[in-house]
Structures are given as C-alpha cells and as structure tokens.
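Undergrad: Structure for the following, please:
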Amino acid sequence: MARLWPFLVLLQHVAGHAVSEAGCLLQLKTRFTGKAVDIVHILSMGREASCFVRDLVSVNGSHPTIHEPLGGLVEGHSIISMSAHRSDSALQCLYDCHNCTVGAVNSGSYSNLQDYCKEVDGTSSSRPYLVIKTTRVVDHGALVRAVPPNYLASARFVVLLRDPRGVWSSTKPFVGWAIHSIPLICELLALQALTLPELASAVGPRLLIGIYERWTLNTAQFAGQIARLLDADLQQFLPVGKDGQRAKDELLPPSWVTSLTTAELSQIENDANCRAYMERVGYPAGSSNTSQIKSHSGLISALTPKEEDVLHQLRAKQSALQISANDLPEQMKLVFTPAKLR
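TA: A predicted model of the protein is given here:
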C-alpha cells in the first residue's frame with residue numbers, strides 16, 4: 001500500500017499568523033540554495049474543484065501535500081493587491097523548502113515543508129513529488145518571476161478554470177468568505193486566464209489546463225491527463241478519478257442556470273473583467289453552451305491589445321494599500337473547505 005503522508009492538510013482555519021509587510025521584507029531571501037524538488041502545483045482561484053484535483057494528483061495522500069499555504073495570511077481583495085515581496089517570499093519558500101523562513105507561509109505549511117525537507121534529505125532513494133494547492137496565487141507571471149528557471153523545470157502545473165457564473169453559484173452560499181464578491185471573482189479569474197501565456201512560455205508542455213465544464217464530465221479521462229503530465233502509470237490515478245465522477249444529469253445543465261438571478265447573470269456578464277475572461281476562455285454570454293471553449297493553444301496564445309490593457313489595470317492594484325489578515329473579521333479568515341465537485 002502506498003504511504004500516506006501524515007502532513008496532508010485537509011482544512012485550515014488560520015488566525016493570528018499574518019505578518020507585516022516589513023517582516024516579509026526582512027525575511028525574503030532571493031537565492032535558492034537547496035536541491036530542486038519535484039513539485040506539482042495546482043493553481044486555482046477557488047470553487048473550481050481544486051480539492052478533488054488535489055486528491056487526484058496526490059492519490060489521496062500518497063504524496064506529501066501542502067494545502068493553502070497562504071491561508072490566513074492573504075485573503076479576499078489582498079489577493080489582487082498582494083505585494084511582490086509577499087508573493088516572492090511565499091513562492092520561494094514553496095519551491096525551496098530548504099530556504100524557507102517563518103512567516104513566508106502559514107505556520108501549518110511551514111511545519112509541513114520542514115518535515116518534507118527532512119524526509120527527502122534523509123534518504124538516497126527516489127523522493128515523492130510534492131503537491132501544492134493554492135487559491136491565492138492567481139497571477140502566473142508573479143510565479144514565473146519569483147521562481148528560478150531550474151526550479152520551474154522540475155515542476156508540473158495544473159491550472160483550473162471555470163465559468164464565472166458557476167464560480168459565483170458555488171461561492172454564493174458562503175456569505176462569510178472573503179471572496180464573496182462578484183467583482184472580486186471576476187478580477188481573480190481574469191488574472192488567471194490573462195497570465196496563462198506567461199506561465200506557458202516558461203514551462204512549456206509541463207502545463208495542464210483543466211476546464212471545469214469539460215473534465216468533470218469524464219474524471220477518469222482527466223486522471224489520464226494527469227498521468228501523462230506526470231509521466232506516471234495511469235492505474236495509480238484511475239481509482240480516484242472514477243470515484244469522483246458525478247452523474248451527467250447533475251452536471252448538465254450547470255447549476256448556475258437555475259440558481260442565479262437575472263440580475264446576478266447580468267452583473268457577471270457585464271463586468272469588464274468577467275467579460276474579458278469569458279471571451280478569452282470561450283464562455284458565451286447568455287448561454288451555457290461549451291462548444292466555443294478554446295483549446296490549450298488558444299488559451300496560451302498571445303494577448304490582444306485589449307486584453308493587455310485589462311491585465312495592466314489588474315496588476316496596477318498590486319501597488320495599492322495592503323490588507324492585513326489580522327484586520328479582517330474573524331469569519332472572513334475561513335479558507336475553502338475540501339468538498340466533492342460542485
């Protein structure tokens with residue numbers, strides 16, 4: 001039986017672990033000193049079934065997993081305005097556990113990374129890949145700038161995308177969440193999609209883009225895509241993939257068709273950032289039809305001047321006043337609870 005790593009983090013409710021920007025400046029190290037570690041990084045903005053994908057990639061905990069390392073440190077609008085120092089220190093920590101300082105990630109993730117370092121340093125046998133799941137790293141360009149090419153070369157990436165109407169429908173019941181805002185969700189999704197070309201340019205074929213409306217219809221097939229990305233045996237992923245399959249009539253038509261009001265649909269489809277995201281990915285306004293969703297090559301193609309302008313405006317917010325997690329209401333510090341596909 002495959003080993004179950006004891007520090008798989010399934011849920012964190014973090015309070016009081018945030019550090020000041022000044023502290024991050026002092027802690028930031030720009031040199032990577034440890035051995036390159038094989039990493040599979042699942043990048044999502046939330047409500048895109050990232051917890052299921054985490055379980056699939058880690059084979060239900062057979063691989064060490066870091067879950068939401070920025071949970072409790074960066075929440076809500078501060079995901080957009082996160083400074084380069086904050087994101088760089090966190091990403092450098094995640095990609096080089098040997099050079100990780102207290103405060104770069106939350107305390108649970110820091111402890112787990114140190115445990116992982118001890119494991120891989122204490123054995124000469126082949127080491128398991130490390131699975132990282134984040135919903136607070138949405139600007140893929142920031143990742144490329146923070147992590148040296150040789151570390152990116154030892155990593156694989158799974159980027160998850162979903163119709164914004166589906167994301168809001170799934171988020172809507174959780175009124176205490178820091179991302180409970182249609183405009184914010186639109187900003188996060190736009191950053192995801194518009195920075196994909198930068199990530200693809202840096203990592204090439206080591207990138208898998210998972211479109212929720214496509215892969216959830218055949219999770220066994222998606223398990224095969226994960227296996228190919230990792231150059232691994234399909235059979236180890238297939239049971240988890242098959243177990244996660246939902247009935248087709250639960251997925252089609254999508255839940256947002258009946259759960260969202262006309263006003264909510266109008267707000268999403270007329271939001272400038274959601275409109276840019278929907279056009280980029282291929283989600284038509286006024287319809288749940290998925291036939292226009294773009295291929296991998298279309299999703300990583302060069303941005304149009306209009307898209308570049310949207311991305312520029314989003315990135316301008318990174319210089320805005322930083323929001324400390326300590327200043328958030330307690331209920332807004334909740335991070336995403338692992339759940340079955342919604």
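
Undergrad: At which residues are the strands of this protein located?
TA: With DSSP state E, the ranges of strands along the chain come out as 39-43, 65-67, 130-134, 155-161, 207-211.

Undergrad: okay, and for the stretch 151-300 of the chain, where does confidence drop off?
TA: Applying pLDDT under 70 to the predicted model, the stretch 151-300 of the chain contains no residue that meets it.

Undergrad: Which of the strands of the chain sits closest to residue 294?
TA: Nearest to residue 294 among the strands of the chain is strand 207-211; the distance by Cβ to Cβ comes to 8.8 Å. (Glycine included, C-beta is placed from N, CA and C.)

Undergrad: Parallel or antiparallel, which strands does the closest one pair with?
TA: Counting by DSSP bridges, the strands paired with strand 207-211 are strand 155-161 (parallel).

Undergrad: circling back to that earlier point, what's the closest of the strands of the chain to residue 103?
TA: Ranking those by distance to residue 103, with Cβ to Cβ as the measure, places strand 65-67 first at 15.7 Å.

Undergrad: Pairing partners for the closest one, with directions?
TA: The sheet places strand 65-67 alongside strand 130-134 (parallel), with pairing taken from DSSP bridges.

Undergrad: what angle sits between the strand it pairs with and strand 39-43?
TA: With axes from the mean of the first three to the mean of the last three Cα atoms, to 10 degrees applied, the angle from strand 130-134 to strand 39-43 works out at 20 degrees.

Undergrad: quick one: strand 130-134 to chain centroid distance?
TA: The offset between the C-alpha centroid of strand 130-134 and the centroid of the whole chain comes to 9 Å, using Cα atoms, centre = their mean, to the nearest Å.

Undergrad: Go ahead and name everything in contact with that strand.
TA: By Cβ atoms under 8 Å, 6 or more residues apart in numbering, the surrounding residues in contact with strand 130-134 are 37-44, 50-51, 53-54, 57-58, 63-70, 94, 97, 116.

Undergrad: follow-up on the earlier one: export the strands of the chain to CSV and append columns for distance to residue 292.
TA: Written out in CSV, the entries for these read as follows (distance: least, Cβ to Cβ, whole Å):
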stretch, distance to residue 292
strand 39-43, 23
strand 65-67, 34
strand 130-134, 28
strand 155-161, 14
strand 207-211, 12
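
Undergrad: Select, out of those strands, the one closest to residue 75.
TA: For the strands of the chain, distance to residue 75 was read as Cβ to Cβ. The smallest value, 13.1 Å, belongs to strand 130-134.

Undergrad: Average pLDDT for the closest one, rounded please.
TA: Rounded to a whole number, the mean pLDDT of strand 130-134 is 96.

Undergrad: Check whether residue 189 really touches residue 167, as I assumed.
TA: Yes: counting by Cβ atoms under 8 Å, residue 189 sits close enough to residue 167 to count as a contact (6.8 Å).

Undergrad: Overlap of the contact sets of the two?
TA: Listed contacts common to residue 189 and residue 167 are residue 45; contacts here mean Cβ under 8 Å, 6+ apart.

Undergrad: Do you have the helices of the stretch 101-250 of the chain handy? List them.
TA: Taking DSSP state H, counting those that start in this stretch as the criterion, the stretch 101-250 of the chain carries its helices at 107-121, 140-146, 149-152, 164-171, 182-194, 196-203, 212-215, 219-230, 238-243, 248-251.

Undergrad: could those be laid out in TSV, adding distance to residue 269 and mean neighbour count?
TA: Output for the helices of the stretch 101-250 of the chain, formatted as TSV (distance: least, Cβ to Cβ, whole Å; neighbours: other Cβ atoms under 10 Å):
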stretch	distance to residue 269	mean neighbour count
helix 107-121	37	18
helix 140-146	25	20
helix 149-152	35	14
helix 164-171	8	23
helix 182-194	10	24
helix 196-203	21	20
helix 212-215	16	20
helix 219-230	28	18
helix 238-243	32	17
helix 248-251	21	11
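
Undergrad: Relative to residue 317, which of those helices is closest?
TA: Closest to residue 317 of the helices of the stretch 101-250 of the chain is helix 182-194 (Cβ to Cβ; 7.9 Å).
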